[in-house]
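> No letters, just coordinates:
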Ligand code: AMP
Ligand code: ZN
């Protein structure tokens, strides 16, 4: 948990989000500014800033995140979808808590 991290606040319930999935390790919720009809974020409950900060101790978590993307995408009505992980400011990352974008279904 990082004090001023918006996704940690969503994980702890301080800030509301349109949650579509939750387990012990991961939460998934709709993006507040969707880039397509379906656009959700898969977020580990553990605060890790970027993909670059991950190591072998995060292997299981990263696998879980990726395996969950197709499951939730299908549940959300998508047959095909895109996944995206922005890493670092130069990689377009704005929220420094690791997350996997999943989107599809045409323009929002
Ligand atoms: P990134 O540029 O990869 O860091 O993406 C951050 C994403 O988080 C953006 O698509 C934002 O629209 C989204 N976002 C920021 N704040 C919230 C929030 N409170 N609830 C849902 N999505 C959010
Ligand atoms: Zn965080």
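In hand now; what should we look at? Being a predicted model, the structure only gives us computed values, none of them experimental. Ligands and ions are numbered 1, 2, ... in the order given.
> burial count for residue 101?
18 (other CB atoms under 10 Å). For every residue, glycine as well, the C-beta is placed using N, CA and C.
> tell me which element it falls in.
Following DSSP states H and E, one finds residue 101 within strand 100-104.
> burial count for residue 27?
20.
> Is ligand 2 within reach of whichever helix or strand it is part of?
Secondary-structure assignment from DSSP H and E places residue 27 in strand 26-30. No - counting by CB under 5 Å from the ion, ligand 2 has no neighbours in strand 26-30; the shortest distance is 11.0 Å.
> If you count neighbours, what's buried in the top helix by length along the chain?
Under DSSP state H, the helix in the chain containing the largest number of residues is helix 59-75. Neighbour-count burial for helix 59-75, counted by 16 or more other CB atoms under 10 Å, picks out 61-62, 65, 68-69, 72-73.
> Around ligand 2, pick out the residues from the protein.
2, 5, 7-8, 47, 97.
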